[in-house]
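> Sequence first, predicted model second:
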Amino acid sequence: MGLSKVILGTVLVGMMFSMHHVNGQDISKPCDQLFPIVSQEGKEGFIDHTGRVVVKPWLKSAGWLRSDVGYVETEHGEGFIDIKGNITILNGVELSSGFNEGFAFAKILKHDGSRGKWGFINMKGEVVFETKRYVEFAPYQEGLMIISNLLTVQHTRHTKLNKPSDPLSFLPPDDKAYYLDRKGIVQFGQGFDAAYPFKDGYAFVNLNGKDAIIDRQGNYVLGPQSKHLVGVSEGLILEHDKGERAWIYRNLKGDIVLKVFFRNAQLFSEGLAAISGADGKTGFIDKKGNIVIEPKFDSAHNFSEGLAAVEINNKIGFVNKRGEIVIKPQLIDDYAGLGFRCGLVDIETDAYRGYMNKKGGWVWKSRKIN
């Protein structure tokens with residue numbers, strides 16, 4: 001049975017509430033993101049990647065868009081906003097998460113308004129499957145979510161897990177992490193001691209103290225093994241051999257394609273991976289192991305849209321793939337580590353919080369309230 005909902009529609013406004021709107025963005029490329037903003041009065045709204053106000057700051061809360069919708073809270077209740085600024089409020093639920101790939105975790109309210117069961121709902125407000133209580137989970141990504149302690153999931157007919165396609169009703173009480181599909185059905189026929197979301201068809205897991213990489217069918221691509229696996233990105237699996245003090249990159253067949261000897265190494269992003277030397281300074285290598293940006297930063301994050309956040313003397317700036325500083329170190333918070341989206345990065349300085357473009361210009365900023 002679906003839950004009632006209210007469509008508020010698109011809200012556009014030119015008022016900017018003691019904030020600064022700076023243009024200069026490239027609007028020729030499509031963007032699937034709206035950016036949450038906060039007014040001096042503490043109300044929240046959204047801008048697009050050009051800095052244009054899509055929803056004025058009147059919301060109680062606003063969240064990032066995931067899979068084309070983002071979390072919102074108004075005086076009428078909780079719900080979601082789409083890329084066009086249309087707001088849908090879902091009655092009869094208290095959302096514990098935003099929507100991701102069309103699903104959100106929520107407390108289902110009874111007809112008298114009191115709290116009922118927990119469950120996962122779709123964007124129509126329909127309960128897809130219920131849980132007995134609050135559960136720990138990682139939201140849907142590439143069609144699968146991760147949930148722990150599956151005794152909380154309610155289904156009928158089956159009393160044990162016989163095969164990957166069986167719905168849940170009873171499992172031994174354990175602390176394993178399980179992958180579920182969109183119907184709440186366990187995948188791969190087993191749980192893991194640790195599990196991470198899928199990315200590009202692969203996921204990192206740990207079983208009985210051994211690391212492994214699995215594919216979308218649950219097949220082991222590498223492992224389980226005692227050597228520490230960091231993860232997989234851009235078709236390369238990163239492994240840390242502590243005995244040899246080496247960082248090993250393997251292809252998806254398990255063949256070694258690169259071995260480097262650094263204090264630390266990270267997964268590749270946009271063709272480059274962060275590494276740090278014996279002195280702790282961080283730089284970047286390419287997929288041939290060549291150092292393309294000398295280790296000279298206190299720390300560094302992955303590249304996104306051609307730029308990477310780096311830390312120098314407790315301030316964060318951005319460099320391009322030649323190692324040139326394009327946004328001077330001035331940021332004090334690690335929001336920048338989330339990287340650029342549609343040409344903007346969420347940043348905070350000593351005086352302001354807002355969004356900068358790739359040239360270091362403010363597209364939106366709000367003076368911080370002490």
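Sure thing, it's come through. Numbering: from 1, shown residues only.

> Report how many residues lie close to N264.
Per other Cβ atoms under 10 Å, the neighbour tally for N264 reads 13. All C-beta spots, glycine's among them, are computed from the backbone N, C-alpha and C.

> In contact with it: list those residues for me.
With contact set as Cβ atoms under 8 Å, 6 or more residues apart in numbering, N264 has these partners: 247, 274-276, 282.

> residue boundaries of the strands in the stretch 151-300 of the chain?
For the stretch 151-300 of the chain, the strands defined by DSSP state E, counting those that start in this stretch cover 177-180, 194-195, 202-207, 210-215, 220-225, 228-233, 236-241, 246-250, 256-260, 264-265, 273-276, 282-285, 291-297, 299-304.

> Leaving out the residues flanking it, which one is nearest to G45?
P57 (3.8 Å; Cβ to Cβ, 6 or more residues apart in numbering).

> Also L109?
Using Cβ to Cβ, 6+ apart, the nearest residue to L109 is G92, at 5.0 Å.

> now the strands of the stretch 151-300 of the chain in JSON lines, with distance to Y355 and mean pLDDT?
As requested, these are exported to JSON lines (distance: least, Cβ to Cβ, whole Å; pLDDT from 0 to 100):
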{"stretch": "strand 177-180", "distance to Y355": "35", "mean pLDDT": "90"}
{"stretch": "strand 194-195", "distance to Y355": "33", "mean pLDDT": "90"}
{"stretch": "strand 202-207", "distance to Y355": "31", "mean pLDDT": "92"}
{"stretch": "strand 210-215", "distance to Y355": "35", "mean pLDDT": "94"}
{"stretch": "strand 220-225", "distance to Y355": "38", "mean pLDDT": "89"}
{"stretch": "strand 228-233", "distance to Y355": "26", "mean pLDDT": "90"}
{"stretch": "strand 236-241", "distance to Y355": "31", "mean pLDDT": "94"}
{"stretch": "strand 246-250", "distance to Y355": "34", "mean pLDDT": "96"}
{"stretch": "strand 256-260", "distance to Y355": "35", "mean pLDDT": "96"}
{"stretch": "strand 264-265", "distance to Y355": "30", "mean pLDDT": "96"}
{"stretch": "strand 273-276", "distance to Y355": "24", "mean pLDDT": "97"}
{"stretch": "strand 282-285", "distance to Y355": "25", "mean pLDDT": "98"}
{"stretch": "strand 291-297", "distance to Y355": "23", "mean pLDDT": "96"}
{"stretch": "strand 299-304", "distance to Y355": "14", "mean pLDDT": "94"}
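
> could the ones you listed go into JSON lines alongside distance to S97?
JSON lines is the format used below for those (distance: least, Cβ to Cβ, whole Å):
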{"stretch": "strand 177-180", "distance to S97": "15"}
{"stretch": "strand 194-195", "distance to S97": "18"}
{"stretch": "strand 202-207", "distance to S97": "20"}
{"stretch": "strand 210-215", "distance to S97": "24"}
{"stretch": "strand 220-225", "distance to S97": "29"}
{"stretch": "strand 228-233", "distance to S97": "23"}
{"stretch": "strand 236-241", "distance to S97": "29"}
{"stretch": "strand 246-250", "distance to S97": "34"}
{"stretch": "strand 256-260", "distance to S97": "38"}
{"stretch": "strand 264-265", "distance to S97": "32"}
{"stretch": "strand 273-276", "distance to S97": "30"}
{"stretch": "strand 282-285", "distance to S97": "33"}
{"stretch": "strand 291-297", "distance to S97": "34"}
{"stretch": "strand 299-304", "distance to S97": "24"}
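
> for the ones you listed, which one sits closest to S61?
For these, the distance to S61 is smallest for strand 299-304, at 25.4 Å, taking Cβ to Cβ.

> what sits up against the closest one?
Counting by Cβ under 8 Å, 6+ apart, 266-267, 269-272, 274, 282-284, 308-311, 321, 336-337, 339-341 sit against strand 299-304.

> One more: stretch 217-233?
Against stretch 217-233 from outside (Cβ under 8 Å, 6+ apart): 164, 179, 187-189, 196, 199-200, 202-204, 206-215, 237-242, 250, 252, 254, 266-269.

> Put the buried members of those into a PyMOL selection.
To isolate the buried members of the contacts of stretch 217-233 in PyMOL, using 16 or more other Cβ atoms under 10 Å:
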select buried, resi 179+187+188+196+202+203+204+206+207+211+212+213+214+237+238+239+240+250+266+267+268+269
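
> Could you verify my assumption that S96 touches F105?
Yes: using Cβ atoms under 8 Å as the test, S96 is close enough to F105 to be in contact (4.6 Å).
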